[in-house]
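**Q** Okay, sequence plus prediction incoming.
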Amino acid sequence: MAETTLDGTAPEQSRPAGLRGVAADWASDQRAFKSASWGKAMMWIFLLSDTFIFGCFLLAYMTARMSTTVPWPNASEVFALHIGGVEVPLILIAIMTFVLISSSGSMAIAVNFAYRRNRRATVALLLVTALLGATFVGMQAFEWTKLISEGVRPWGNPWGAAQFGSSFFMITGFHGTHVTFGVIFLLIVARKVWRGDYDDGARGFFTSRRGDYEHVEIMGLYWHFVDLVWVFIFAFFYLW
Amino acid sequence: MVDATPHAEQGIPPAETPELELYHPRGWWTTYVFSQDAKVIAIQYSGTALAIGLVALVLSWLMRLQLGFPGTFDFITPEAYYQFMTMHGMIMVIYLLTALFLGGFGNYLIPLMVGARDMVFPYVNMLSYWIYLLAVLVLVASFFAPGGPTGAGWTLYPPQVILSGTPGGQGAGIVLMLVSLILFIIGFTMGGLNYVVTVIQGRTRGMTLMRMPLTVWGIFTATVMALLAFPALFVACVMMLFDRLLGTSFFMPALVEMGELMSYGGGSPILFQHLFWFFGHPEVYIVALPAFGIVSDLISTHARKNIFGYRMMVWAIVIIGALSFVVWAHHMYVSGMHPWFGFFFATTTLIIAIPTAIKVYNWVLTLWRGDIHLTLPMLFALAFIVTFVNGGLTGLFLGNVVVDVPLSDTMFVVAHFHMVMGVAPVLVVFGAIYHWYPKITGRMLNEAMGQFHFWVTFVGAYAIFFPMHYVGLVGVPRRYPELGDVAFATDSVHSLNAFITIAALTVGFAQMVFLFNLVWSLRNGREAGGNPWRATSLEWQTPTTPPPHGNWGAERPVVYRWAYDYSVPGAPEDFIAQNDPGSRHRGAV
């Protein structure tokens, strides 16, 4: 993978390849990850920690689902939409998944344009990403409304185990919160790119640190993570 | 963005990262209150942790008064006793020890010891403290909530935790407790990310991972563990909050309370125990590993000898950290899980004894034929080794299923974990404060008060916890506010309980002397100079003491050697600082 760094932190040219390179990096001074800036390293480690949070949520849900004595509601019936006189199972979830994965695509292109200093394209793609993210959250709100109107509550539902509603609202809610925060930060990053903050090194409002175009990539790391987590939620909650 | 020392010299590679742009405070508020300087944040963390720790200390006195002299104090009702016990445990483990070791020592020592100017993201680091303070305030608020704080025991086991019979269960107590924990985890994550990235990516030139002082290794490994273990507690707290507020049944089975069937059903209390202990056991080592690291440096410095088996010490820390994630269910032998699980977790638990024993042997071998100075930090370090071995040995009893089952939920368990993760790390905290106070303030702590503090604390801790093992073996259960007239409790149990209480109050008094010493020496302590212990690691080599904002002068130090060059033959002094290039040709290291 090509190493992209902007802050003059390019690694030495003559580093050994493969496992020897890894060992050399960890045995070296100053930095263990030779091509990663502080911000990027911090985001990766945060995402590792966040993985454990989602992992615990999903494991707890699976334990609850396996240990409950009441039958679990059938996901493909619960999450079906009545379209044109037929029940289409999981259609909304399929669209939501498609939207979120598409947004990862636009995010990846935005990162590329950011490194090319193409501000106009970067802003456009960031806004597309934010729009797709907001659409996802909107559809999730629709899904919540539909389920609530059918009588699903955190403490019970008409079809079976009460833990169905509890887990559903908790896990999709926690993921939806992640997406919402992502959308907010996408808009902030888009605004900074639009104003040229990353070109003239304007200082952040809160942190008073200078930013650079790598922030778009760090934003992208978070966004792809949220997307990846959704794939697991989709697999374990909707398809199981 | 100019690199101050771009040239490579004598095998020291050139600087790879540009200088950290420091945020320069512009007034009193941003210098002392909303400061982004890791050293100020460290002092804020430590002060807050010690303050709330004082509350937990007073709570332990109240508990001991009740146990030693039952029926004497009317205001200590059984409900109040449970509340004291719960808050004492939770505060000591999380809000005192975790915050002090990682937020306090981590913030102060990591940037200085690895030769950085500050943490990599000082603003996030500052937020970390303020969210921690908020968590503490929410916790304190629960004392004033209707119904008082939760009295569910520090493990917060469901289903009793949110039943009306438990103090705070149906009031605000448990809600505030859970909210406070969630805030703590959010705040800690902000700081923890900083500590980890500073160690991995922010070291100075020449500072390889295998040249770092063991203090940094201990804090670093503990922080990585905390970033992976706290998520389980976070999830458990969120789910329990939903059980309490929204009426979900994640942890709540169908049950009858006061003759009425509750609306809960189908939840798994064991699930909570798994989540809690997946956090809870690593938490033991989150507290212990920084102590291991710090005590290694204290022993080496004050015995004027290099640490024995540095590489083994590093690997032992890393291996203990990794193993501690696969032992959690040894806290759950009596929970009714499958016996094969007990077999598995007993095996992994006992395997941890191997790297731990390596560390103890290496400490002792470091002392062997060393030039031991019985300074206050050294006294506390020696006391730690003895106490940790004592506490560890009773861990062998409790780690085996068949031995643990009869000992479960007795005072033996209380004595065990107080020795191994209460007294032992706290002794290191004291040793570390006596060791680094001169760097933080420029003055030494008063020696006479320190000697009094040490001997009363050390001897007193044994007077408290050694008899407690016996009381537990006789069969006295933990978490009982009053024993009453039971056949198995001999007269000696009752008199020992009174004895333990008096010892506990005496030890508590010694801590007041310590706190007084902290304040008194600020003005009246002996001038320390920059390196009173003649130590090698970088924090003692700062241009001024206390270190200024940005730590180093114009240039960051360059590191030429490990942190343990004490008593090197042929060297002009009995220590060679890490940034001393002088004797590279003399063949030292």
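**A** Arrived safely.

**Q** which residues does residue B:174 contact?
**A** Residues near residue B:174 by CB atoms under 8 Å, 6 or more residues apart in numbering or on different chains: B:150, B:152, B:156, B:161, B:162, B:166, B:168, B:240, B:244. The C-beta positions use only the backbone N, C-alpha and C, and glycine is treated the same way.

**Q** Select from those residues the one having the most neighbours.
**A** residue B:150 (29 neighbours; other CB atoms under 10 Å in any protein chain shown).

**Q** Please enumerate the helices of chain A.
**A** A:18-27, A:38-67, A:75-78, A:91-115, A:119-149, A:163-195, A:197-200, A:214-233 (DSSP state H).

**Q** need those in CSV with mean pLDDT, can you?
**A** Below are the helices of chain A laid out as CSV (pLDDT from 0 to 100):
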stretch, mean pLDDT
helix A:18-27, 91
helix A:38-67, 96
helix A:75-78, 88
helix A:91-115, 96
helix A:119-149, 97
helix A:163-195, 96
helix A:197-200, 91
helix A:214-233, 96
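
**Q** if I look at residue A:149, how far off is residue A:143?
**A** To residue A:143, residue A:149 is 11 Å away according to CB to CB, to the nearest Å.

**Q** With neighbour numbers in mind, choose between those two.
**A** residue A:143 (18 against 8).

**Q** Chain B versus that one, what's the distance?
**A** Distance from residue A:143 to chain B, counting by CB to the nearest CB, to the nearest Å: 19 Å.

**Q** correct me, but that residue touches residue A:79?
**A** Yes. Look at residue A:143 against residue A:79 with CB atoms under 8 Å: they come within range, at 7.5 Å.

**Q** Overlap in contacts, the two.
**A** Common neighbours of residue A:143 and residue A:79 are listed as A:92, A:93 (criterion: CB under 8 Å, 6+ apart).

**Q** can you redo the helices of chain A as a markdown table with distance to residue B:40?
**A** Below are these laid out as a markdown table (distance: least, CB to CB, whole Å):
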| stretch | distance to residue B:40 |
| --- | --- |
| helix A:18-27 | 32 |
| helix A:38-67 | 21 |
| helix A:75-78 | 52 |
| helix A:91-115 | 36 |
| helix A:119-149 | 37 |
| helix A:163-195 | 28 |
| helix A:197-200 | 29 |
| helix A:214-233 | 27 |
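
**Q** Nearest to residue B:287, out of those?
**A** helix A:38-67 (18.9 Å; CB to CB).

**Q** can you give me the angle that closest one makes with helix A:163-195?
**A** Between helix A:38-67 and helix A:163-195, the angle comes out at 160 degrees (axes from the mean of the first three to the mean of the last three CA atoms, to 10 degrees).

**Q** still on that earlier bit, of the contacts of residue B:174, which belong to strands?
**A** Secondary structure from DSSP state E places none of the contacts of residue B:174 in strands.

**Q** which among those residues gets closest to residue B:293?
**A** When the contacts of residue B:174 are ranked by distance to residue B:293 (CB to CB), residue B:156 comes first, at 29.7 Å.

**Q** from memory the closest one sits against residue B:162, does it?
**A** No. The pair residue B:156 / residue B:162 is not scored as a contact, 9.3 Å apart, by CB under 8 Å.

**Q** which residues are common contacts for these two?
**A** Counting by CB under 8 Å, 6+ apart, the common neighbours of residue B:156 and residue B:162 are B:174, B:240.

**Q** Brilliant, that's me finished.
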